[in-house]
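**Q** task: produce atomic coordinates for the following.
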Amino acid sequence: MAKEKAPPFVRHDDVVKELLRKPGARKAYEERKEVHRVALAIRKMREDAGLTQKELAAKIGTSQPVIARLERSGARRPNIRTLEKIAKAVNRGMTVRFESAGDASPVEVMLFSAGGREGK
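**A** Now for the predicted structure:
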């Protein structure tokens, strides 16, 4: 019996590069990266505050599975009110940064500082 030849090795980066050539794929990929970065930040802030998912959920008036979805980027991009509740629950400030595709300087707005004081 002849031995079957193994398929050629394919690098992950090459597969991603090929997939991103499809129309709309790059935009979807970039959006998922943004959601993933937010998910990692939520988890890090929660862990730094010494909270479990269940404890954070209770502080912001939601359930543990919702926090789990946010942290594994299984949800859509969280809305700004959810992010605000999370930031306040873990005693963090929150700043929004508006950037331009052109030469205009970015504009930052502090919504509130750590401890929940409103920004100016």
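**Q** so for stretch 107-120, mean pLDDT?
**A** For stretch 107-120, the mean per-residue pLDDT is 78.
**Q** stretch 26-34 too?
**A** On average, stretch 26-34 scores 83.
**Q** contacts for it, please.
**A** Stretch 26-34 has contacts (CB atoms under 8 Å, 6 or more residues apart in numbering) with 16, 19-20, 73, 77. The C-beta positions use only the backbone N, C-alpha and C, and glycine is treated the same way.
**Q** cool, and stretch 12-20?
**A** Here stretch 12-20 makes contact (CB under 8 Å, 6+ apart) with 25-26, 29.
**Q** buried sites along the longest helix that the chain contains?
**A** If you go by DSSP state H, the chain has its longest helix at helix 25-48. The neighbour-count check on helix 25-48 (16 or more other CB atoms under 10 Å) flags 35, 38-39, 42-43, 45-46 as buried.
**Q** redo those residues as CSV? Include distance to Met110.
**A** Below are the buried residues of helix 25-48 laid out as CSV (distance: CB to CB, whole Å):
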residue, distance to Met110
Val35, 23
Val38, 18
Ala39, 23
Ile42, 19
Arg43, 23
Met45, 17
Arg46, 22
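**Q** spatially central residue in the protein, please.
**A** Val38 (2.0 Å; CA atoms, centre = their mean).
**Q** contacting residues around the residue lying closest to that one once chain neighbours are set aside?
**A** Leaving aside its chain neighbours, Val38 sits nearest to Pro78 (6.4 Å; criterion: CB to CB, 6 or more residues apart in numbering). Contacts for Pro78 (CB under 8 Å, 6+ apart) come out as 38, 42, 70, 86.
**Q** quick check: the gap between Pro78 and Ile86.
**A** Distance of Pro78 to Ile86, given as CB to CB, to the nearest Å: 8 Å.
**Q** joint contacts of those two?
**A** Going by CB under 8 Å, 6+ apart, residues that sit against Pro78 and also against Ile86 are 42, 70.
**Q** before we move on, the earlier item: I'd like to know which of the contacts of stretch 26-34 are buried.
**A** Buried by 16+ other CB under 10 Å: Ser73, out of the contacts of stretch 26-34.
**Q** mind putting the contacts of stretch 26-34 into JSON lines with distance to Gly102 and pLDDT?
**A** Formatted as JSON lines, those follow (distance: CB to CB, whole Å; pLDDT from 0 to 100):
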{"residue": "Val16", "distance to Gly102": "29", "pLDDT": "80"}
{"residue": "Leu19", "distance to Gly102": "30", "pLDDT": "82"}
{"residue": "Leu20", "distance to Gly102": "25", "pLDDT": "83"}
{"residue": "Ser73", "distance to Gly102": "30", "pLDDT": "80"}
{"residue": "Arg77", "distance to Gly102": "24", "pLDDT": "82"}
